[in-house]
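Visitor: Give me a 3D structure for the following:
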Amino acid sequence: EGDGEDEGMQEPLEKAEDADVELLDEVIEAAVGAEVEKEDLDPARVTLAELVLFMASHAERNDIDFLQRSLKLAGEQSLEEEWEHEIEIVKAKLQELEAKARWEAALEALQKAVDGGTIDELRAALAEAQEVGGIDPELIAAAKVKLE
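Guide: Numbering: from 1, shown residues only. So this is what the prediction gives:
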């Protein structure tokens, strides 16, 4: 009976991993620009924060900026209690990624300094590498020899 009832039905939301968070954020901001009442937008902001936090905690997201953003949105929408477990997962992932990024930066800086940096660059890179730890002992030794 083609009375058109199904025409108004929407397609199901795509998987969270594929959701366009930037687009959702832009839609909310456009609504703000259109002077939609803050109270009317609050549910959308909460939903965006929940989606981003879900994506950050469940998907294999290895993007420091995205993880930081998920924690910021969660804080702005007061999701700390309701989403405590997911927030802890995101914080742990973020801590691990930041430590890895710091280690990689220290290694790269020390390699560059050993290969032709100034004495000051070599001293700074060596100090950072020693503080970070886990850097190849041969590279550390090469840096120390160059400083002698």
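
Visitor: Would you mark the buried spots in the host helix or strand of Arg69?
Guide: Taking DSSP states H and E as the criterion, Arg69 maps to helix 64-76. Taking 16 or more other CB atoms under 10 Å as the neighbour-count basis, helix 64-76 is seen to contain the buried residues Phe66, Leu67, Arg69, Ser70, Leu71, Leu73, Ala74. C-beta: built from backbone N, CA, C; applies to glycine.

Visitor: What distance do you get for Asp25 to Gly117?
Guide: Taking CB to CB, to the nearest Å as the criterion, Asp25 is separated from Gly117 by 41 Å.

Visitor: One more: Asp63?
Guide: Applying CB to CB, one obtains 30 Å for the distance of Asp63 from Gly117.

Visitor: who has more neighbours, these two?
Guide: Neighbour totals were compared for Asp63 and Gly117, and Gly117 leads with 18 against 13 (other CB atoms under 10 Å).

Visitor: Show the contacting residues for the closest residue to the more buried one other than its chain neighbours.
Guide: Excluding the flanking residues, the one nearest Gly117 by CB to CB, 6 or more residues apart in numbering is Ala125, at 6.9 Å. With contact taken as CB atoms under 8 Å, 6 or more residues apart in numbering, Ala125 is in contact with Ala106, Ala109, Leu110, Lys112, Ala113, Val114, Gly117, Ala143.
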